[in-house]
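Novice: Any chance you can model this:
(one chain, ligands or ions: 1)
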Amino acid sequence: MIEARGLTKRYGDRLAVDGLTFTVRPGTVTGFLGPNGAGKSTTMRMILGLDRPTGGTVLVNGKPYHRHVAPLREVGALLEARSVHPGRSAFRHLLALAQTNGISRTRVDDVLEAVGLTGAARRRAGRFSLGMGQRLGIATALLGDPRTVILDEPLNGLDTEGIRWVRELLRGLAAEGRTVFVSSHLMNEMALTAEHLIVIGNGRLIADVGTAEFVRTRGRNVVRVRTVDPDTLAARLSGPGVEISFDGGETLTVSGSTTDRIGLAAGAAGITLLELTAQQASLEEAFIELTRDAVEYRANPAGVSS
Ligand SMILES: Nc1ncnc2c1ncn2[C@@H]1O[C@H](COP(=O)(O)OP(=O)(O)OP(=O)(O)O)[C@@H](O)[C@H]1O
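Specialist: Predicted coordinates for the structure are as follows:
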């Protein structure tokens, strides 16, 4: 469990994290989303005791990180920057960490196996591809068999098979009752992986919500219409709250309406439809919709009259 209360970090006059309050619960994968510079990495660093909050608190499994006697057994983390000595093999890297934290040598073999690096374990980590480096980072995070796992952008550099593998791994860790907190820029991948989302913008919390509800309530559902007469149909459909975009051909994308209304309007006007499809908003669209407000907020700070 991770509990942030009023968590704040200021760098000079920049508020990187601004009064964040949220709880990450065990047993589910929680996605941590936000545009570049939103404060995700800074928040993760504060959870891990690598950055001191300017204000507020954050507890991991009931205590501040530095108060845990065996932190690797409580929290395993992958941060964006690689922290492996390039001349060291994956095995040596993990073994050194294990030995300084009272973790057995068999656990090193186990995590190498779990991330698919057994065959490359004796090669120098400096020669690893980005994807292999990510796998080693994940092995490092899992080394202490931690109750809480924090991964910053674990999908970076992974191919399709690797992404699927991480998805299964994260779900498996959550199913074992662990707390899994993972940031990613791949929104649609998060939709498949995370059951819960914490979304921040400009260092502030803008959503703390189940993934399905987030997509349903925040996304804009659109209807794709193909017709022999897009101009006439568009004129018939236009009205308050309805937005129509043209692809230049015979397809319209309509938001703010429904397939029923569009079908009836086309029928009443005698316009032949070739396709009428309701499209559920993707998480990507929902995310852009939501964080656009955060960007607008930054562009129009409160107090500036229009
Ligand atoms: N050590 C630092 N000194 C000064 N400013 C910093 C420092 N670390 C982060 N910042 C600033 O704090 C803000 C939040 O950065 P952070 O890296 O936490 O965002 P992020 O959401 O992780 O972004 P990204 O997705 O691009 O990694 C940014 O404006 C960044 O420039």
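
Novice: The closest residue to residue 54 other than its chain neighbours in helix, strand or coil?
Specialist: Spatial nearest neighbour of residue 54, excluding adjacent residues (C-beta to C-beta, 6 or more residues apart in numbering): residue 10 at 4.4 Å. Any C-beta I mention is one placed from the backbone N, CA and C, and that applies to glycine too. Following DSSP: H, G, I helix; E, B strand; the rest coil, residue 10 is assigned to strand.

Novice: Quick check: beta-bridge partners of residue 10?
Specialist: residue 15 (DSSP bridges).

Novice: That one contacts residue 42, doesn't it?
Specialist: No - Residue 10 is beyond contact range of residue 42, at 10.2 Å (criterion: C-beta atoms under 8 Å).

Novice: quick one: common contacting residues for those two?
Specialist: Applying C-beta atoms under 8 Å, 6 or more residues apart in numbering, one finds that residue 10 and residue 42 are jointly contacted by residue 16.

Novice: Report the separation between the residue lying farthest from the centre of the chain and the ligand.
Specialist: The C-alpha centroid of the chain is most remote from residue 270, which lies 46.1 Å away (C-alpha atoms, centre = their mean). Applying C-beta to the nearest ligand atom, to the nearest Å, the value for residue 270 to the ligand is 51 Å.

Novice: Give me the pLDDT for that residue.
Specialist: Confidence at residue 270, expressed as pLDDT, is 96.

Novice: Over to the one 3 residues further on?
Specialist: As predicted, residue 273 sits at a pLDDT of 96.

Novice: Would you check that it makes contact with residue 223?
Specialist: No - between residue 273 and residue 223 there is no contact under C-beta under 8 Å: 10.8 Å.

Novice: what's the spacing between stretch 88-102 and its chain's center?
Specialist: Centre-to-centre, stretch 88-102 and its host chain are 29 Å apart (C-alpha atoms, centre = their mean, to the nearest Å).
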